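Chemist: Model the structure of this input:
(one chain, ligands or ions: 2)
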Amino acid sequence: MQNMVILGATGSIGASTLAVIATNAAAYRVYGLVANSSVAKMLELCVVHQPVYAHMVDETAANALKDALPSDCVTKVTTGEEALLELVTRAETQVVMAAIVGAAGLVPTLAAVNAGKRVLLANKEALVMSGQLFINAARASGAVVLPVDSEHNAIFQCLPSQVQQSLGYCNLDDHGISHILLTGSGGPFLTKPIAELASVTPAQACKHPNWSMGPKISVDSATMMNKGLEYIEARWLFNTRQNQLKVVVHPQSVIHSMVQYRDGSVIAQMGNPDMRTPIANCMAYPHRIDAGVEPLDFFKVGQLSFVEPDYDRFPCLALAIEACHLGQEATTVVNAANEMAVAAFLAGQISFTDIAKINEASLKRLHSGKLNTLEDILALDKQARIYAHEAINQ
Ligand code: NAD
Ligand code: MG
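Modeler: Numbering: from 1, shown residues only. Ligands and ions are numbered 1, 2, ... in the order given. Now for the predicted structure:
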């Protein structure tokens with residue numbers, strides 16, 4: 001029986017994780033649930049899963065949850081950063097699902113890594129921001145970090161076990177690997193006339209053709225910034241050089257990514273687009289458990305197609321790749337600016353095509369500096385949000 005803490009329990013990944021736990025109830029126990037402010041959703045989860053702890057980042061929400069919990073519910077409600085870090089690092093916590101959206105996930109995720117936990121990493125923004133610091137922390141503590149992001153999980157599954165066990169500092173050349181092929185669907189606007197993109201609505205941007213996800217990552221998928229963040233995420237997880245990582249647009253989302261070997265072999269991982277598969281893979285690795293996912297039916301799939309990414313259509317993808325090669329300061333700035341820009345787009349303050357402009361304007365204002373500590377990273381994140389805020393209000 002493994003005790004799991006789910007950061008971002010009320011979100012889309014949180015729901016998929018709880019579904020996999022329910023399918024494998026004899027092996028996993030919901031020990032702690034963490035969310036920002038959705039009281040009604042958290043109340044429902046507490047009643048069903050009876051976690052030992054429910055943590056709400058928002059204090060008012062924590063108080064409301066305390067009042068609403070039925071008297072026979074065993075759950076203790078907590079709030080405040082100290083209590084969150086204590087929950088993530090306590091001895092009883094064995095597995096941490098890191099599925100808070102955005103930069104807010106960095107501190108608790110890194111705390112789990114530093115505490116040497118088994119960390120199932122969905123929160124790509126945390127790795128994009130902290131890069132080398134995150135990898136070094138995992139190496140120092142012995143934390144097992146497993147990639148939940150479907151592409152990275154696919155790549156992980158296509159790699160030899162020695163590479164799987166040395167994520168972050170593996171040498172792909174030593175294992176005959178020539179390229180990592182990161183696939184992406186291209187999102188809802190892959191074929192929409194570029195001239196019409198300026199007027200698309202948040203509802204249209206959030207309507208992904210293949211995946212059901214939270215609003216931020218859905219918008220990121222529509223701009224392909226998501227693939228850009230994933231490119232940076234892959235750079236750190238698989239320790240790739242610039243020419244080892246390629247983006248391939250594959251609209252059907254059946255292949256979730258591939259690894260190309262020196263001898264001409266390409267190994268792909270396939271499945272229905274359902275996050276319960278990579279989540280179950282990370283939970284059980286190196287074993288396999290039932291994820292509750294429909295088996296892939298190739299006769300229904302019919303055709304698989306592939307095209308090169310169009311960087312004119314997806315300037316955010318080009319910018320993220322550029323930032324990746326500039327270095328960690330640049331990726332931290334782009335990540336923070338993008339989070340602000342996406343929130344402004346969802347709030348109706350800016351247009352869809354403004355997202356890329358705000359990200360680019362923020363990156364242009366980057367001064368070189370060094371990111372040695374978590375504090376340095378958080379300070380740069382804050383500074384980039386000021387740049388983005390100014391660009392949004394212009
Ligand atoms: P979501 O919007 O559905 O859920 C976000 C969760 O984070 C909620 O539980 C919310 O309460 C919590 N949260 C938000 N702000 C917080 C804060 N300040 N402090 C603490 N908790 C906070 O998002 P999602 O789609 O589940 O995505 C979560 C993460 O997983 C993202 O980083 C995303 O990129 C990644 N991811 C998601 C998918 C997917 O299919 N949804 C796939 C791959 C990766
Ligand atoms: Mg992904």
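
Chemist: Which residues of the chain lie near ligand 1?
Modeler: Within the chain, the positions lying close to ligand 1 (Cβ under 6 Å from any ligand atom) are 8-14, 35-36, 38, 57, 99-101, 104, 122-125, 149, 211, 213-217, 275. All C-beta spots, glycine's among them, are computed from the backbone N, C-alpha and C.

Chemist: residue ranges with poor pLDDT in the stretch 101-250 of the chain?
Modeler: Within the stretch 101-250 of the chain, no stretch falls below the threshold (pLDDT under 70).

Chemist: What are the boundaries of the strands in it?
Modeler: 118-121, 144-147, 177-184, 245-249 (DSSP state E, counting those that start in this stretch).

Chemist: so what does the helix or strand that the last one is followed by touch, helix or strand wise?
Modeler: Think strand 245-249. The C-terminal neighbour of strand 245-249 among helices and strands, as given by DSSP states H and E, is strand 255-261. In terms of contacts (3 or more Cβ pairs under 8 Å, 6 or more residues apart in numbering; DSSP states H and E), strand 255-261 is packed against helix 150-157, strand 177-184, strand 266-270.

Chemist: Select, out of the ones you listed, the one closest to ligand 2.
Modeler: For ligand 2, the closest of the helices and strands packed on strand 255-261 is helix 150-157, at 4.8 Å, according to Cβ to the ion.

Chemist: Now do the closest one and strand 266-270, the angle between them.
Modeler: Angle, helix 150-157 to strand 266-270, by axes from the mean of the first three to the mean of the last three Cα atoms, to 10 degrees: 130 degrees.

Chemist: Would you tell me which residues of the chain are close to ligand 2?
Modeler: Within the chain, the positions near ligand 2 by Cβ under 5 Å from the ion are Asp149, Ser150, Glu151.

Chemist: Kindly tell me how buried the last one is, as a neighbour count.
Modeler: Other residues within reach of Glu151, judged by other Cβ atoms under 10 Å, total 28.

Chemist: again, but for Ala40
Modeler: For Ala40, using other Cβ under 10 Å, the count is 12.

Chemist: Tell me which helix or strand it sits in.
Modeler: Going by DSSP H and E, Ala40 is part of helix 39-49.

Chemist: got the contact list for the closest residue to Phe134 other than its chain neighbours?
Modeler: Leaving aside its chain neighbours, Phe134 sits nearest to Leu127 (5.4 Å; criterion: Cβ to Cβ, 6 or more residues apart in numbering). If you count contacts by Cβ atoms under 8 Å, 6 or more residues apart in numbering, Leu127 has them with Leu121, Phe134, Ile232, Glu233, Trp236, Leu237.

Chemist: re the thing from before, PyMOL command to pick out the buried ones of the residues of the chain next to ligand 1?
Modeler: In PyMOL, this line selects whichever of these come out buried by 16 or more other Cβ atoms under 10 Å:
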select buried, resi 8+9+10+11+12+13+14+35+38+57+99+100+101+104+122+123+124+125+149+211+213+214+215+216+217+275
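
Chemist: In TSV, list the strands of the stretch 101-250 of the chain along with mean neighbour count.
Modeler: What follows is these, written out as TSV (neighbours: other Cβ atoms under 10 Å):
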stretch	mean neighbour count
strand 118-121	26
strand 144-147	22
strand 177-184	22
strand 245-249	19
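
Chemist: In a markdown table: these, plus distance to Ala198.
Modeler: Output for the strands of the stretch 101-250 of the chain, formatted as a markdown table (distance: least, Cβ to Cβ, whole Å):
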| stretch | distance to Ala198 |
| --- | --- |
| strand 118-121 | 34 |
| strand 144-147 | 34 |
| strand 177-184 | 22 |
| strand 245-249 | 22 |
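
Chemist: surely His256 meets Glu151?
Modeler: Yes: under the contact definition of Cβ atoms under 8 Å, His256 touches Glu151, with a separation of 5.7 Å.

Chemist: Now the common contact residues for those two.
Modeler: Thr183.

Chemist: Quick check: Met97 is in a strand.
Modeler: Yes: with DSSP: H, G, I helix; E, B strand; the rest coil as the criterion, Met97 is located in a strand.

Chemist: So it is in contact with Gln2, correct?
Modeler: No: the pair Met97 and Gln2 does not pass the contact test of Cβ under 8 Å, sitting 11.4 Å apart.

Chemist: In terms of pLDDT, where does the nearest residue in space to Cys46 that is not next to it in sequence sit?
Modeler: Distance criterion Cβ to Cβ, 6+ apart; nearest residue to Cys46, sequence neighbours excluded, is Thr75 at 4.7 Å. At Thr75, the model reports a pLDDT of 97.

Chemist: Next: Asp263.
Modeler: We have a pLDDT of 98 for Asp263.

Chemist: how about the nearest residue to it, chain neighbours excluded?
Modeler: That would be Gly176: by Cβ to Cβ, 6+ apart, it lies 6.6 Å from Asp263.

Chemist: in the stretch 201-350 of the chain, what residue is nearest ligand 1?
Modeler: In the stretch 201-350 of the chain, the residue that lies nearest ligand 1 is Gly214 (2.5 Å; Cβ to the nearest ligand atom).
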